[in-house]
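A.B. asks: quick one: sequence plus predicted model below, questions after.
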Amino acid sequence: MNLTREKEAISAYLKLLQAKGATSGMLYKRSLFLDQLSEILMDKSLNGIEYGKALDIVMSKVAEDDWHTNLNAAREFYPFWVKDIKAIAAFNLHYGFDIDTIQWKPLPASLKSLTDSLETEKFDTSENWPLKAYAQALRDEGADKLVVETRIKFAKIILIRLRDAPIKNHKSYRTAVDMTLPLFHNKDVKYLFLTVVREFYHFWTGNPEAASKMFRDGSDNMSQ
């Protein structure tokens, strides 16, 4: 067992977090999670496919309340594992702790309660415009009525989960998504939800190029 590569990456990642003001408790929790991930990553090829497979194995054993924290750690740790110097430099330049967003989590809910609430839920103007823009983009792509309705329902669930977020930004969006993912037990439905997550994000942020970032090639548009 040779974990030298992984241990060096973890050490570099945690040192950067510490320099940015992370608490000892936060560092300890992330260290425990990354130790588990590293045991599976050991001797694997340095690429996203192997990383994703390893992450799936670890996340299958993680409690739902810890999904967001650990997924976020996994996103941040990846450039350190593959030694992507450019990405690490960008991470160092822009990383900071938004305490309110880090501590915020959407209210507990079940998938059934969220789905049932769509029958009576009212959406304000700021919520309706990205929904309408997303629906139109789907129709322009040739999606039929059922596809549009299904994806808009998922987009509405995201909006409902975001409603009490103290700050509406990419961090709260990811938190809402990470805390909603465990509610989906069917893999195909979960994959479709993730597709909507990636597509709808650009409409939610008001990106004028949102329609051009529709999910066509399997890339993670939300990270672009």
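C.D. replies: Everything's here; your move.

A.B. asks: buried set for stretch 57-71?
C.D. replies: Buried positions in stretch 57-71, judged by neighbour count with 16 or more other CB atoms under 10 Å: 58, 59, 67, 68, 69, 70, 71. C-beta: built from backbone N, CA, C; applies to glycine.

A.B. asks: between the residues you listed, which sits nearest residue 110?
C.D. replies: For these, the closest approach to residue 110 (CB to CB) belongs to residue 67, at 15.3 Å.

A.B. asks: look up how far residue 47 lies from the residue positioned nearest the centre of the chain.
C.D. replies: The chain has residue 174 as the residue nearest its centroid, 4.2 Å off, counting by CA atoms, centre = their mean. Using CB to CB, to the nearest Å, one obtains 23 Å as the distance from residue 174 to residue 47.

A.B. asks: please apply the same query to residue 107.
C.D. replies: Residue 107 is 37 Å from residue 47, where distance means CB to CB.

A.B. asks: can you list the domain ranges for this structure.
C.D. replies: Split into domains by automatic domain parsing, the chain comes to 4-97, 111-223.

A.B. asks: what residue ranges in this structure score low on pLDDT?
C.D. replies: When residues are selected by pLDDT under 70, those of the chain lie in 1, 64, 96-102, 215-224.

A.B. asks: coming back round to it: looking at the domains of the chain, which is closest to residue 103?
C.D. replies: domain 111-223 (8.7 Å).

A.B. asks: take the domains of the chain and write them to TSV, including distance to residue 103.
C.D. replies: Output for these, formatted as TSV (distance: least, CB to CB, whole Å):
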stretch	distance to residue 103
domain 4-97	10
domain 111-223	9
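
A.B. asks: rewinding a little: format the buried residues of stretch 57-71 as a markdown table; extra columns: secondary structure and distance to residue 91.
C.D. replies: Below are the buried residues of stretch 57-71 laid out as a markdown table (DSSP: H, G, I helix; E, B strand; the rest coil; distance: CB to CB, whole Å):
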| residue | secondary structure | distance to residue 91 |
| --- | --- | --- |
| 58 | helix | 21 |
| 59 | helix | 21 |
| 67 | helix | 21 |
| 68 | helix | 18 |
| 69 | helix | 17 |
| 70 | helix | 18 |
| 71 | helix | 16 |
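
A.B. asks: farthest-apart pair in those residues, please.
C.D. replies: Using CB to CB, the two most remote members of the buried residues of stretch 57-71 are 58 and 68, lying 14.4 Å apart.

A.B. asks: for this protein, which segments are assigned as strands?
C.D. replies: Ranges of strands within the chain: none, based on DSSP state E.

A.B. asks: quick one, helices of it?
C.D. replies: Taking DSSP state H, the helices of the chain run over residues 4-19, 24-41, 48-59, 67-81, 85-94, 99-103, 111-117, 125-140, 145-162, 170-180, 187-204.

A.B. asks: tell me the angle the first one makes with helix 67-81.
C.D. replies: What that stands for is helix 4-19. Counting by axes from the mean of the first three to the mean of the last three CA atoms, to 10 degrees, helix 4-19 lies at 120 degrees to helix 67-81.

A.B. asks: contact partners of helix 4-19?
C.D. replies: 22, 26-27, 30-31, 34-35, 38, 41-42, 76-77, 80-81, 83, 88, 91-92, 95 (CB atoms under 8 Å, 6 or more residues apart in numbering).

A.B. asks: of those, buried ones?
C.D. replies: 22, 26, 30, 34, 38, 41, 76, 77, 80, 81, 88, 91.
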